[in-house]
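K.L.:
Okay, predicted coordinates and the sequence, questions at the end:
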Amino acid sequence: MPIIADAEKRLFTLHTKNTTYQMKADSLGTLLHVYYGERSDDSDKSYAICLRGRGFSGNPYEMGRDNKDYSLDVLPQEYSCYGTGDYRITALKVQNADGSLAAALRYKGYQVSKGKYSIPGLPAVYSEEKEADTLEIVLEDPASKVEVHLLYGVLYENDIITRAVKIVNGGPDGIVLQKAASMNLDWINGDYEWLTFYGGHVMERNIQRDELGHGIHAIGSVRGTSSHHYNPFAIVCERNADEERGRCYGFSFLYSGEFQMEAEKDQVSQTRLICGIHPDNFAWNLQPGEAFDTPEIMMTYSADGFGTLSRNLHRTIRENICRGEWKEKRRPVLINNWEATYFNFTGEQLVTIARNAAELGVELFVLDDGWFGKRDDDNSGLGDWFPNEKKLGCTLKELAERIVDCGLQFGLWFEPEGISEDSDLYREHPDWAVVIPGRNPNLSRNQLILDFSREDVQDYIIERMSAIFAETLISYVKWDFNRSICDKFSMALTAQSQGEFAHRYVLGLYRVLETLTAKFPHILFEGCSGGGGRFDAGMLYYTPQIWCSDNTDAIARLEIQYGTSFGYPVSTMGAHVSAVPNHQTRRIMPFSTRSCVAMAGTFGYELDATKLSEEEKAQVRQQISRFKEYYDLIQHGEYYRLLAPTDRQCTAWEMAEPAGKEALVSAVYHRVEGNAAPVIVKVQGLKAEANYRMHLNMDGLEDMPEEAKEWFMKCLPYGYKEGEMISGAALQQCGLVIPGAMEEYQAWQIHIVEA
Ligand code: GLA
């Protein structure tokens, strides 16, 4: 039984295959957090919560004068409140009608149901009814009658527990929610560290590991989106945890707006984690009878390090967050014209690139920015979603048909949330832009933001995009968003409601995405925000892939994709082979290396196919055929990080068929050394008793002189020559020797197949 509710003891135990979570309502009615960790039994573990008087930590009145040992300031709780005796960071801050900031939640009841709850208007993990169970615990503040419904979704097989909160104003007066986090998790002991994923434009999701010492530690975004700067994902772990060892907890927020993840180690060295909507730009009015739903957070626990933790999240994102036709269908190999032409193209030029690409096996042509309105640079045109027929030399419909005639599908770039001051849309609806009246707005990339909190704006965008989708043969949409939101204000909200703007904006975005993806299910949507500025599990509910970064340098991508892989599967990471010298870094890397790295993602090209030499064209054909051959492994296999980009020589990763029949190991020499030590990786996920043959992809040898190739073949490590086999046990325990580097940034792909 995944959920065991003992009504009498008011004890709730959630089990997944390998984890257990427990909470208990105590005599006062406080819902205590008791346990989260490796799979355990259903016994009451609340004995471990020691009540002891702590100076300056107050005691609830109801406990009487003799009860100095009971304090909300030190008790582990499921959902802590501001203003009633807990001086730590708290999950809920309510402003009551009299202006007081206080809530004290007491247990009221619970309900268990089959299947996984959903959340109106927000992304949420979903599953077949038999695969998930829901526990809802109701708490109430007796003074204000505010009710808090804590929702827990248990995905047994995935080792995933989700959480969300519904807050209902059951009282007679209006209240304001000043903070409504999605979760609170308290550990009563232990020393922890956390891994957070920071970055910036073209350098997303770098890993930082910090000790959660005494004090408050926080990451978040007040940029309107989840942001490049901190990803809404974190891992809390034991000090010694690594890829294969140690206890660790993952928290992934299904939300694309402003968020905060905070941790505090308190006076008795307990650690609290709170995650939810960032409170800085949040003040939600709740009239009597109204309800507020927080976004969802997905949690997982692994006793065996980060690898298992990531794979739990990968599986769940692939199968229980991504939706629609493109969840299962093979994604087409695309070519995007951005780095080939930027804004400077004609329709004729695009068709020529498409024709050349089609001959190489590319399947989808994506027309990026610049096809609409007055848009020859980033100063104007956003909002005018009408094709620039003069520039294209024909209608968009005709252009799409010409591309389809080349044997390709057609895709199109949009930035629906953007608006340029120099646009017809802005001239017609200046009140649709997000600006604060009487102040000069903050420009970014010379543009403003369209007020997606407004329903009329949402409807306009739905109508405009639907019209284009209906009249043009469109198979793919790149949904971009190229600035952070400052000047938060909506002309459609009252002064008292401006604190709802940031969240209403996200709800508006989700409504538009939900409507369009449901109406046009055959279109593959790819999210983007100046690369990976809105790369979160919320967006993945609507767009099953997201452009990982505007940095297309394969060596820089090793780090970006490595960091991203902690929380997200490769099937979600938009990755392209681009030209050299690379446009962001001027670095020159072998073609085979660029394709190897792009294959740890959705795989496509972002270069001018008309400029490829015959030799390069042959390479592209071969890369595409390899990608198709490895597709299932790449997109659906179990992902293992073998060597980090911080390794001396190589970054290496592996995708293994879930039953262990085959695996693909990829290794890139990010640093080449003279007299280098051999690189050996321990292959994971194979069957110990089976024998395997190694197939080395020789693409990296193509540019080599004949003598070098001969020498290389002579020096090949054991396992790569005709007839040689290695057992799964040996590959796992002793390891696989990666062939050496023949040049800078050499990459190898090794396909390991059961004999
Ligand atoms: C963003 C995207 C790029 C490209 C440009 C177009 O920066 O991340 O891939 O689409 O916008 O303006």
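P.N.:
Right, received. Where do you want to start? Numbers count the residues shown, from 1 in each chain.
K.L.:
tally of neighbours for the closest residue to the ligand within the stretch 151-300 of the chain?
P.N.:
Residue nearest to the ligand within the stretch 151-300 of the chain: His201 (8.2 Å; C-beta to the nearest ligand atom). (Each C-beta comes from the backbone N, C-alpha and C, glycine too.) Around His201 there are 18 other residues, counting by other C-beta atoms under 10 Å.
K.L.:
do the same with Leu425
P.N.:
A total of 22 residues lie near Leu425 under the criterion other C-beta under 10 Å.
K.L.:
A helix includes it, no?
P.N.:
Yes: counting by DSSP: H, G, I helix; E, B strand; the rest coil, Leu425 falls inside a helix.
K.L.:
any idea how far Phe525 is from it?
P.N.:
Here Leu425 is placed at a distance of 22 Å from Phe525 (C-beta to C-beta, to the nearest Å).
K.L.:
quick one: Arg557 and Gly563 touch, right?
P.N.:
No: Arg557 is beyond contact range of Gly563, at 10.5 Å (criterion: C-beta atoms under 8 Å).
K.L.:
tell me the contacts of Asp608?
P.N.:
340-341, 353, 579 (C-beta atoms under 8 Å, 6 or more residues apart in numbering).
K.L.:
so Gln111 sits right up against Glu136, yeah?
P.N.:
Yes: using C-beta under 8 Å, Gln111 is in contact with Glu136, at 4.7 Å.
K.L.:
between the two, who's got more neighbours?
P.N.:
Applying other C-beta under 10 Å to Gln111 and Glu136 shows that Glu136 carries more neighbours, namely 15 against 11.
K.L.:
what's the pLDDT at the more buried one?
P.N.:
Glu136 carries a pLDDT value of 98.
K.L.:
Please name the residues that touch it.
P.N.:
110-113, 117, 149-152.
K.L.:
Surely it is in a strand?
P.N.:
Yes: per three-state DSSP, Glu136 lies within a strand segment.
K.L.:
Alpha carbons of the longest strand belonging to the chain, in PDB - could you do that?
P.N.:
If you go by DSSP state E, the chain has its longest strand at strand 175-187. The C-alpha coordinates for strand 175-187 follow below in PDB (Å, rounded to 0.1, in the frame of the first residue of the first chain):
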ATOM      1  CA  ILE A 175      -7.200  37.900   3.400                       C
ATOM      2  CA  VAL A 176      -3.900  38.400   1.500                       C
ATOM      3  CA  LEU A 177      -1.500  35.600   1.000                       C
ATOM      4  CA  GLN A 178       1.900  37.100   1.200                       C
ATOM      5  CA  LYS A 179       3.700  33.800   0.900                       C
ATOM      6  CA  ALA A 180       2.300  30.400  -0.100                       C
ATOM      7  CA  ALA A 181       5.100  27.900  -0.600                       C
ATOM      8  CA  SER A 182       4.500  24.600  -2.200                       C
ATOM      9  CA  MET A 183       6.400  22.600   0.300                       C
ATOM     10  CA  ASN A 184       8.200  22.600   3.700                       C
ATOM     11  CA  LEU A 185      10.600  19.800   4.600                       C
ATOM     12  CA  ASP A 186      12.300  19.600   8.000                       C
ATOM     13  CA  TRP A 187      15.200  17.300   8.900                       C
END
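K.L.:
Please name every helix or strand in contact with that strand.
P.N.:
Under the contact definition 3 or more C-beta pairs under 8 Å, 6 or more residues apart in numbering; DSSP states H and E, strand 175-187 sits against strand 31-38, strand 92-95, strand 160-169, strand 248-254, strand 271-277, strand 284-286, strand 296-302.
K.L.:
Let's have the ones you listed in TSV, adding mean neighbour count.
P.N.:
Formatted as TSV, those follow (neighbours: other C-beta atoms under 10 Å):
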stretch	mean neighbour count
strand 31-38	20
strand 92-95	22
strand 160-169	24
strand 248-254	26
strand 271-277	26
strand 284-286	18
strand 296-302	27
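K.L.:
What is the neighbour count of Met704?
P.N.:
Using other C-beta under 10 Å, the number of residues around Met704 comes to 16.
K.L.:
what sits against it?
P.N.:
So Met704 contacts 712, 742-743 (C-beta under 8 Å, 6+ apart).
K.L.:
ranking the residues you listed by neighbours, who comes first?
P.N.:
Met742 (18 neighbours).
K.L.:
End to end on stretch 297-311, go ahead and measure it.
P.N.:
Terminal residues of stretch 297-311 lie 17 Å apart, using C-alpha to C-alpha, to the nearest Å.
K.L.:
I misspoke; the intended subject was stretch 120-134.
P.N.:
First residue to last in stretch 120-134 (C-alpha to C-alpha) measures 16 Å.
K.L.:
Quick check: Gly276 touching Phe259?
P.N.:
Yes: using C-beta under 8 Å, Gly276 is in contact with Phe259, at 7.0 Å.
K.L.:
Now for these two: what residues contact both?
P.N.:
Counting by C-beta under 8 Å, 6+ apart, the residues touching both Gly276 and Phe259 are Phe253.
K.L.:
In this structure, what residue comes closest to the ligand?
P.N.:
Counting by C-beta to the nearest ligand atom, the chain gets nearest the ligand through Asp369, at 3.4 Å.
K.L.:
what residues does the stretch 451-600 of the chain put near the ligand?
P.N.:
With C-beta under 6 Å from any ligand atom as the criterion, the stretch 451-600 of the chain meets the ligand at residues 480, 482, 528, 530-531, 547, 550.
K.L.:
gap between the nearest residue to Gly411 once chain neighbours are set aside and Ile738?
P.N.:
Nearest-residue entry for Gly411: Tyr476, 3.0 Å, with adjacent residues in sequence omitted and distances by C-beta to C-beta, 6 or more residues apart in numbering. Going from Tyr476 to Ile738 by C-beta to C-beta gives 35 Å.
K.L.:
go on, Ile634?
P.N.:
Ile634 is 19 Å from Ile738, where distance means C-beta to C-beta.
K.L.:
For those two, work out which one has more neighbours and name it.
P.N.:
Ile738 (25 against 20).
K.L.:
Tell me the bridge partners for the more buried one.
P.N.:
Val679 (DSSP bridges).
K.L.:
Now do the contacts for it.
P.N.:
Ile738 sits next to 650, 652, 665, 667, 678-681, 717, 748, 750 when contact means C-beta under 8 Å, 6+ apart.
K.L.:
what do you get for Val665?
P.N.:
With C-beta under 8 Å, 6+ apart, Val665 has these contacts: 642, 652-654, 681, 683, 736, 738, 749-750, 752.
K.L.:
tell me which element it is part of?
P.N.:
Assessed by DSSP states H and E, Val665 sits inside strand 662-669.
K.L.:
Tell me the neighbouring strands of that strand, and mark each as parallel or antiparallel.
P.N.:
Strand 662-669 is paired, per DSSP bridges, with strand 650-656 (antiparallel), strand 747-754 (antiparallel).
K.L.:
average pLDDT for it?
P.N.:
Averaging pLDDT along strand 662-669 yields 98.
K.L.:
One more: stretch 66-77?
P.N.:
93.
K.L.:
Run a quick neighbour tally on the residue nearest to Gly411.
P.N.:
24.
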